[in-house]
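>>> A predicted structure for the sequence below; I have some questions about it.
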Amino acid sequence: MKAISYKEGQLTLLDQTALPHQTVYRTYTEHEKIARAIEDMVVRGAPAIGITAAYGVAVGAREYQRGSFREHMMRVIERLQHTRPTAVNLHWALRRVHAVITENPAETIQALEEEAAQIFQEDQAINLAIGQHLKRLVTDSSAFLIHCNPGRLATSDYGTATAPFYLAHEEGTQFKVYSGETRPRLQGALTAYELSQAGIDVTIITDSTAATLMQQGKITAVFVGCDRVAANGDVVNKIGTLPLAITAHYFNVPFYVAAPTPTFDLSIEDGGAIPIEERHATEVTHLRDQAVTIEGAVYNPAFDITPAALITAIVTEQGAIEPTYEAIQNLFSKGEKQ
Ligand SMILES: CSC[C@H]1O[C@H](OP(=O)(O)O)[C@H](O)[C@@H]1O
């Protein structure tokens, strides 16, 4: 399952908006259409966006016809720069390829294609390295919670937070993964899809089920990817990561962020300064037909248990009371006296 491939001016992307119903590969020879593929999340995931943008510049160089070549290339880079603001990998990759542009079109095309291929290969090595590090945690009978898709579909190869799963599976380790579907774009369903395709024991859950699994003591650790890490270690990742981190903290479940170095942005002091993309309302108002085709491994509890310690007050027709045994006893004993 390759999200991205490139050959002689043709960039091919696995259309992630069609998965899991259809496996559609789309081939691009125009940088404008590549920019739109990034915006429409045909290709998505911080590393994959960076790699795609790098190849998009090489494709753009091949489109040159007349006038200032350098001005043409600046327009190409500008267009790809203004696709999605949050994942720093896009901007990092564009800076990398910008550096190899010269006045000579033929020379530049070759240099751009080599640089983009280098970025792709570096990402593969990063996937493997992260996988090796995190794999130490993946032992027999362990179970993990993952959010969004930091997998093969979001990178060049094993993914970041998914890499340990692929590596451990290759070694025959018996473990479980719970993948939160990740409303509204359901990237977590893509994670369930890609892991199940690899034969990994994965269960898809609604985002709101994560806390119950941690409460039941079923989760060894939470693994997530990221889109940008600020200088102070704040991490920006798919919406829903923050509540997961809060829940994991509450239940003392270890919470790991898989972060390739190109995802760090030391020019940003803290997470609050990272631009957060806002997407179209229809992503929320129009439900996507998910229908993830995995062998029935869905955990769908209809109710969950919230400990009193987390309840500020219980409000009855007689007013608010503290969620304590004493307060409730007092409420009903008052009733008996009347
Ligand atoms: C390898 S981390 C990928 C990262 O990108 C995803 O965002 P999107 O699907 O909107 O491109 C998500 O935040 C993942 O954690």
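Yes, it's here. Residues are numbered from 1 along each chain as shown.
>>> what's the nearest residue to the closest residue to the ligand within the stretch 51-200 of the chain if we skip its chain neighbours?
Closest to the ligand within the stretch 51-200 of the chain is P150: 3.4 Å, counting by CB to the nearest ligand atom. (Glycine included, C-beta is placed from N, CA and C.) Nearest non-adjacent residue to P150, counting by CB to CB, 6 or more residues apart in numbering: G225, 2.5 Å away.
>>> Next one: that neighbour from A106, what distance?
In this view, G225 and A106 are 37 Å apart by CB to CB, to the nearest Å.
>>> more neighbours, these two?
Ranked by neighbour count (other CB atoms under 10 Å), G225 and A106 place G225 first, with 32 against 10.
>>> so what pLDDT did the residue of the stretch 201-338 of the chain found nearest the ligand get?
The minimum distance from the stretch 201-338 of the chain to the ligand, using CB to the nearest ligand atom, falls at G225 (2.6 Å). Confidence at G225, expressed as pLDDT, is 91.
>>> swap in M214?
98.
>>> Provide a list of residue ranges in the stretch 101-250 of the chain with pLDDT below threshold.
The model of the stretch 101-250 of the chain has no residue with pLDDT under 70.
>>> and it, which of its residues are near the ligand?
Residues of the stretch 101-250 of the chain found near the ligand (CB under 6 Å from any ligand atom) are 148, 150, 154-155, 160, 187, 225-227, 237-238.
>>> Closest one of these to V57?
T155 (19.2 Å; CB to CB).
>>> Report how many residues lie close to that closest one.
32.
>>> from what I can see it touches I49, true?
No: between T155 and I49 there is no contact under CB atoms under 8 Å: 10.0 Å.
>>> can you pull the contacts of V138?
Residues in contact with V138 (CB atoms under 8 Å, 6 or more residues apart in numbering) are 144, 164-165, 167-168, 173, 175.
>>> If we ignore the residues flanking it in sequence, what's nearest it?
A168 (3.9 Å).
>>> Please report the distance of the one you found from A46.
For A168, the distance to A46 - CB to CB - is 23 Å.
>>> and if you look at Y166?
In terms of CB to CB, Y166 sits 18 Å off from A46.
>>> neighbour-wise, which of the two wins?
Using other CB under 10 Å as the criterion, Y166 and A46 rank with A46 on top: 29 against 21.
>>> how about the more buried one, what does it touch?
87-90, 154, 225-228, 263.
>>> Show the pLDDT at H280.
At H280, pLDDT is 83.
>>> Strands along the stretch 151-300 of the chain, start to end?
176-180, 202-205, 221-224, 228-230, 235-236, 255-257, 264-265 (DSSP state E, counting those that start in this stretch).
>>> I'd like to know how many residues surround A210.
A210, neighbours per other CB under 10 Å, totals 24.
>>> Verify the stated contact: it with I246.
No: A210 is beyond contact range of I246, at 10.7 Å (criterion: CB under 8 Å).
>>> Tell me if the residue of the stretch 51-200 of the chain closest to the ligand really is in a helix.
No: per DSSP: H, G, I helix; E, B strand; the rest coil, P150 lies outside any helix segment and is coil.
>>> Pull the contacting residues for it.
45, 159-162, 191, 223-226, 258 are the contacts of P150 under CB under 8 Å, 6+ apart.
>>> try A54
A54 touches 93-94, 96-97, 112, 115-116, 119-120, counting by CB under 8 Å, 6+ apart.
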